[in-house]
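[1] Test case, fold it:
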Amino acid sequence: MAAAAKAGTSEPAVTVTKKVTVTPKPAERPGPATTVEGDGQYHVGEDMQAGTYKTAGPEKGTIIESCYWALTMDASGAFGAIIANDDLQGQVRVTVGKGEYFETNGCQGWIRVG
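    Sure, this is the predicted structure:
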């Protein structure tokens, strides 16, 4: 049988403290969008991903149902910067490359399909 400890002679409990530093993982920044909604000019690789996009055509219920899109080398708006463009009444697919600019006006949403 073990001997009982005498009152008042017991050693204090040992406490071990270890400092742990946790560095939170930085939140992942969302990449460029795979859809384009609304009129505007979008920088490929920054505002939208490179790839092939399609639209169903002009916005419905507008006075003139027309969908204009343009693919340009830069954001200058100069006629000479246009790589390709069209003003259409139906659906279309457009392939855009990183560094180019994509402009859309009066079109339904564009969805990346490839």
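[2] Let me know the average pLDDT across stretch 36-56.
    Across stretch 36-56, pLDDT averages out at 95.
[3] which residues touch that stretch?
    Applying Cβ atoms under 8 Å, 6 or more residues apart in numbering, the external contacts of stretch 36-56 come out as 31-34, 67, 69, 75, 91-114. (Each C-beta comes from the backbone N, C-alpha and C, glycine too.)
[4] 6 Å instead?
    Under the contact criterion Cβ atoms under 6 Å, 6 or more residues apart in numbering, stretch 36-56 has outside partners 32-34, 91, 93-98, 100-103, 105, 107-110, 112-114.
[5] residue ranges with poor pLDDT in this protein?
    Applying pLDDT under 70 to the chain picks out residues 1-9, 27-29.
[6] the strands in the chain, which residues?
    Using DSSP state E, the strands of the chain run over 35-36, 40-43, 51-55, 67-72, 82-88, 92-96, 101-105, 110-112.
[7] residue contacts, T34?
    So T34 contacts Q49, R112 (Cβ under 6 Å, 6+ apart).
[8] hmm, 10 Å instead?
    When contacts are counted by Cβ atoms under 10 Å, 6 or more residues apart in numbering, T34 touches M48, Q49, G51, Y53, W110, I111, R112, V113.
[9] what do you get for I82?
    Residues near I82 by Cβ under 10 Å, 6+ apart: A70, L71, T72, M73, Y101, E103.
[10] What distance do you get for it to T62?
    Distance of I82 to T62, given as Cβ to Cβ, to the nearest Å: 24 Å.
[11] And T95, by the same measure?
    In terms of Cβ to Cβ, T95 sits 26 Å off from T62.
[12] Buried ones among the contacts of stretch 36-56?
    Buried subset of those (neighbour count, 16 or more other Cβ atoms under 10 Å): P32, V94, V96, E100, Y101, F102, E103, N105, C107, Q108, W110, R112.
[13] Next, format these as a markdown table and append distance to V22.
    Output for the buried ones among the contacts of stretch 36-56, formatted as a markdown table (distance: Cβ to Cβ, whole Å):
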| residue | distance to V22 |
| --- | --- |
| P32 | 31 |
| V94 | 46 |
| V96 | 41 |
| E100 | 42 |
| Y101 | 43 |
| F102 | 42 |
| E103 | 46 |
| N105 | 49 |
| C107 | 48 |
| Q108 | 47 |
| W110 | 42 |
| R112 | 37 |
